[in-house]
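> After the sequence you'll find the predicted model.
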Amino acid sequence: MTAPEVAYTYSRLGSHSMYPLEQPHYEAVLHAIGYLVNTPDVGPVYGGKLKIPLGLEEFPPNFHETRGLYASTDSSWGKQPRPHGGHCTMRTNAVLGWSSRQLKFVCDSTCYAETAQGSRATKEVMFFKQALIAVKRPAMGPIPVLGDNSAMHQLVTKEGASQLTRHFERATVFIKWAAMKLLVKLHLVKSEFCIADIFTKAVDKETFLRLRNNMPVSYTHLRAHETRGNL
């Protein structure tokens, strides 16, 4: 529960807990446990000089005033009826909250899936924004929301309704409402720079380490384990 980088693994394995098989489920559990055992000191580390969000070339407006508050969202599509979506909310250089689970409805396009997951991320961003107001640390200006889907980006940033949005549930296009109210601002990034990609699918080791390193977490002890070949 304190290792956001294994949220997707935890979610996928949990969906097979009723009828698990020795291969691949049991072996996958052992692999996940092995990773956790060999990285006991890895976890979110907050503070330090703020870093530009992965995928952007400069700091978004009011980024320092909000102590680096932003969200990253992503969703898979096309491999199963209900896509697997994920997002994370960042502040002071580390993860505040994250999610990795299937959407509750069948999506007929990648834009639909990405918008639905983007709305989930926006709801969490709004929760943290209200929490900061309660502790006298109000967030200034729109909160950046990073995603890698151009169709969803155009849908959210374009004013008015279209045939694509007519059948969307009200909660599904919450991100569009928040963008129009200037509560959040969507930023389009390349897929390889989308941190939330780690919450939606199994990735290769190089991609896993690159995305995890940008959440970020403590690596002092992890490098020692990698040197010994335990990872």
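It's in.

> From now on I want contacts and neighbour counts done on CA atoms only, so please keep to that.
OK.

> What does the pLDDT read for residue 21?
Confidence at residue 21, expressed as pLDDT, is 79.

> biggest helix in this structure by residues?
Assignment by DSSP state H gives helix 110-134 as the longest helix of the chain.

> Which neighbouring elements make contact with that one?
Helix 110-134 makes packing contacts with strand 70-75, strand 84-91, strand 143-147, helix 150-157, helix 174-180 when contacts are defined by 3 or more C-alpha pairs under 8 Å, 6 or more residues apart in numbering; DSSP states H and E.

> Now do the second one: distance to the chain's middle.
The offset between the C-alpha centroid of strand 84-91 and the centroid of the whole chain comes to 2 Å, using C-alpha atoms, centre = their mean, to the nearest Å.

> now do stretch 63-79
Centroid displacement of stretch 63-79 relative to its chain, using C-alpha atoms, centre = their mean, is 6 Å.

> measure it end to end?
Distance across stretch 63-79, first residue to last, is 36 Å (C-alpha to C-alpha, to the nearest Å).

> try stretch 13-23
This stretch, stretch 13-23, spans 12 Å end to end (C-alpha to C-alpha).

> Just the buried positions in that stretch, please.
Neighbour counts using 16 or more other C-alpha atoms under 10 Å place residue 13 of stretch 13-23 among the buried residues.

> What residues sit buried inside the longest helix of the chain?
With burial defined by 16+ other C-alpha under 10 Å, the residues of helix 110-134 counted as buried are 110-125, 128-129.

> do the same with stretch 99-111
99, 100, 101, 102, 103, 107, 110, 111.

> Show the end-to-end separation of it, please.
Terminal residues of stretch 99-111 are spaced 19 Å apart (C-alpha to C-alpha).

> So which residues make contact with that stretch?
When contacts are taken as C-alpha atoms under 8 Å, 6 or more residues apart in numbering, the neighbours of stretch 99-111 outside the stretch itself are 7-8, 11-12, 75-78, 81-88, 113, 116-117, 149, 151-152, 199-200.

> Surely residue 148 touches residue 195?
No - checked against C-alpha atoms under 8 Å, the pair residue 148 and residue 195 is beyond contact range at 9.8 Å.

> Looking at those two, which has the bigger crowd around it?
A side-by-side neighbour count of residue 148 and residue 195, using other C-alpha atoms under 10 Å, places residue 195 first with 30 against 24.

> how near is the nearest residue to the more buried one once chain neighbours are set aside to residue 119?
Of all residues beyond its chain neighbours, the one nearest residue 195 is residue 211 (5.4 Å), with distances taken as C-alpha to C-alpha, 6 or more residues apart in numbering. Remark: distance between residue 211 and residue 119 (C-alpha to C-alpha) = 22 Å.
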